[in-house]
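Engineer: Fold the stuff below for me.
(chains A and B)
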Amino acid sequence: MITLAKAINAGLRKSLEKDSHVLLMGEDIGKLGGVFRVTEGLQADFGTERVVDTPLAESGILGTAIGLALRGYRPVCEIQFDGFVYPAFDQITSQLSKMHARALGKVNLPIVVRIPYGGGIGAVEHHSESNEAYFAHTAGLRIVTCSNPEDAYWMIQQAIDSDDPVIFFEPKRRYWDKADINMEAPSLDLHSAKVLQEGTDLTLITYGPSVRTCLEARRVAETEGKSLEVIDLRSLSPLDLEPVFASIEKTGHGVIVHEAPTFLGMGAELSAQITQECFYSLEAPILRVGGYNVPYPPARIEDHYLPDVDRILDAVDRSFEF
Amino acid sequence: MAQERLVQLLTPEGERVEDPEYSIEISTEELKALYRDLVMVRRFDVEATALQRQGELGLWAQSLGQEAAQVGSGRALEQGDYAFPTYREHGVAWCKGVDPVQLLGMFRGVNHGGWDPNENGFQLYTIVIGAQTLHATGYAMGLMRDKSDRAVIAYFGDGASSQGDVNEAFVFASVFQAPVVFFCQNNQWAISQPIEGQTRVPLYRRASGFGFPGIRVDGNDVLAVLAVTREALAKVRRGEGPTFIEAFTYRMGAHTTSDDPSRYRLASDLEVWKLKDPIERVKVHLARTGQADSVFFAEVNAQAEEMAATLRAKIIGMPDPDPDEMFAHVYAEPHAPLAREREEFKNYLASFVDQP
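Structural biologist: Down below sits the predicted model:
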């Protein structure tokens, strides 16, 4: 059994061992091992040149990573918390994402940006946000998110292997989830969605920290005689929607679950594409369960903001009643 | 305030003067080559401006007046050194051997750059102000890891000195002692904002607060710029960390061809700076010392005219890209949804073709 955080650590270690051009950079990732200990022990084993404690400046981290990538390195940048990535927004969305295209393909920027994201850990503000849609909206970036230790282990290595920039969202409240994992070979490529549990009545489409919540909702629904299929998208850009379309054509009902505000969130895009591809199979409109269109609320009331089993099942009921 | 130190080796009147710290040994051939560079770079800029006025370019950012800062620093670079420009370093591009035609693609609107940065060690132009200084610092950090003796030079302007990225670049370069020279062309204007609107202290003095030396050089004196930049590059090669160079110059033209400086600055200021022209002083010096004669000057002018004519022909003949090209290089690796969108776009375009 290994936690999700330890699985990322093991994946990073593998990549550092495999390719001497891989280097980690970020705030407090060395001796401390990162605020979530994801990089624990790596500086001791690989040295300060390859596991770099940077000054406290996110744009600086991303900007210098771009320079290192131009020199042939494969930097893996840690952003300490979701809400701290905005100082690096220009470097990610205007510089990193576009440079390959601006050079007409003559340079690659194989950079991974690791961002612990999402709420549910009782944190102060700026520590609980789900800002994946900002980045998924930017051409030139690849956006992925793991939901379990095995995916965490393989996806981080696949992200580092990618010649394109990858934003790697880590579900921080699932860092301590444990599982046995297969370390022999990856079962999927980086950008494939996965049907986690099959069902016949309705499709739950989700990713990241909400996957576990959806699996719990499925169990509860089962006791009420409803069969829900659960799909973990894993990749938010590009989207792998074939399994989603196939599922909706089977169930006719779909509910999308994510922590980010539903307004212009991933669910809006998913809903539009499902409606376009599966219009005649739908028995009800695609429904969304997500954060409200408010700043992330204070920790004492965050449980009301985050999608939980009850809110998911409420949406499931509404879909069936339609 | 005390008179600020300004490194100068060639006065506006074309007289060689000594500096207590910096000196330069330069042969007649080298000096003539610098003169040729300056003339070519100005002629290129004049031609590009004309091409914009005639509708062949969408926009042009003139380098007029900054030729010495760019040629002096550009010629200080050695093979393998890497330059990170703004969007105005046409003179540096010239020194680095980038085809001038390639520089104009983005201003014509056929691409967003397109040259291979690694071919000449000249990164793509960067329009977001100051962002490239961090790229330069990162590249320099890479050089350190490779135990390379190459150096990096990061170009930016006085306006950029207010940007967070530039200040973060100073911090990173200083902390990691990265082999990067920060070359600031203080041309006195960030579009309409004068230097007083950016700083209360001379820019070069900011460097000491970051922990590395700063020096102000007459940015219109190609010899002084060359000497100061060479020394700064030698220092970074020796592993002594970054240097800040403030090249004190003047933007003789508009910010870009869309700008109208008459709305915010006095024509008389321009007249004062015309007397400090970076090319004229080299010409006067060459002539007065007998190192060059009218035949040489005519030959350089003819060469510049020929370059301009060739450039004009190539720009006017530059085809628009296939619209489908916008999909071509978004990702390095396959991307299924984008490939589908591209196919849909092709089919849409094909639907307009008349059927036989």
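Engineer: so how many other residues sit close to residue 293?
Structural biologist: Went with chain A since none was named. Close neighbours of A:N293, defined as other CB atoms under 10 Å in any protein chain shown, add up to 10. Quick note: C-beta positions are derived from backbone N, CA and C, even for glycine.
Engineer: actually it's chain B I care about, not the one you picked
Structural biologist: Under the criterion other CB under 10 Å, the count of neighbours that B:D293 has is 10.
Engineer: name the element the closest residue to it other than its chain neighbours belongs to?
Structural biologist: Here the nearest residue to B:D293 in space, its sequence neighbours aside, is B:A287; by CB to CB, 6 or more residues apart in numbering or on different chains that works out to 7.4 Å. Secondary-structure assignment from DSSP states H and E places B:A287 in helix B:280-288.
Engineer: what's the angle between the next helix or strand after that helix and helix B:280-288?
Structural biologist: Downstream of helix B:280-288, the first helix or strand assigned by DSSP H and E is helix B:294-316. Helix B:294-316 runs at 140 degrees relative to helix B:280-288, counting by axes from the mean of the first three to the mean of the last three CA atoms, to 10 degrees.
Engineer: So for helix B:294-316, what gets flagged as buried?
Structural biologist: For helix B:294-316, a neighbour-count test (16 or more other CB atoms under 10 Å in any protein chain shown) marks B:296-297, B:300, B:304, B:307-308, B:311-312, B:315 as buried.
Engineer: packing partners for that helix?
Structural biologist: Contact analysis of helix B:294-316 by 3 or more CB pairs under 8 Å, 6 or more residues apart in numbering or on different chains; DSSP states H and E lists helix B:28-53, helix B:100-108, helix B:280-288 as its packing neighbours.
Engineer: Now do the second one, average pLDDT.
Structural biologist: So that's helix B:100-108. Mean pLDDT, taken over the full extent of helix B:100-108, equals 95.
Engineer: Which other helices and strands does that helix contact?
Structural biologist: Taking 3+ CB pairs under 8 Å, 6+ apart as contact, the helices and strands that helix B:100-108 lies on are helix B:28-53, helix B:90-96, helix B:294-316.
Engineer: run the last query once more with 6 Å
Structural biologist: When contacts are defined as 3 or more CB pairs under 6 Å, 6 or more residues apart in numbering or on different chains; DSSP states H and E, helix B:100-108 sits against helix B:294-316.
Engineer: Tell me which residues are up against the helix it packs on.
Structural biologist: Surrounding helix B:294-316, the residues in contact under the criterion CB atoms under 6 Å, 6 or more residues apart in numbering or on different chains are B:36, B:39-40, B:43, B:47, B:51, B:56, B:100-101, B:104.
Engineer: let's see it at 8 Å
Structural biologist: Among residues not part of helix B:294-316, those counted as contacts by CB atoms under 8 Å, 6 or more residues apart in numbering or on different chains are B:32, B:35-36, B:39-40, B:42-44, B:46-48, B:51, B:56-57, B:100-101, B:104, B:108, B:283, B:286-287.
Engineer: And the pLDDT for residue 51?
Structural biologist: Going with chain A. Among the per-residue scores, A:V51 shows a pLDDT of 98.
Engineer: Please refer instead to chain B.
Structural biologist: Note for B:L51: predicted pLDDT of 98.
Engineer: domains for the chain, by residue range?
Structural biologist: All of this refers to chain A. If the domains of chain A are taken from automatic domain parsing, they occupy A:2-179, A:194-321, with pieces of a single domain joined by a plus sign.
Engineer: Switch to chain B, please.
Structural biologist: Segmentation of chain B into domains, based on automatic domain parsing, reads B:28-321, B:323-356.
Engineer: pLDDT on stretch A:129-141, on average?
Structural biologist: Model confidence over stretch A:129-141, given as mean pLDDT, is 98.
Engineer: Same question for stretch B:342-351.
Structural biologist: Rounded to a whole number, the mean pLDDT of stretch B:342-351 is 96.
Engineer: Report the buried residues of it.
Structural biologist: Using 16+ other CB under 10 Å as the test for burial, stretch B:342-351 gives B:R342.
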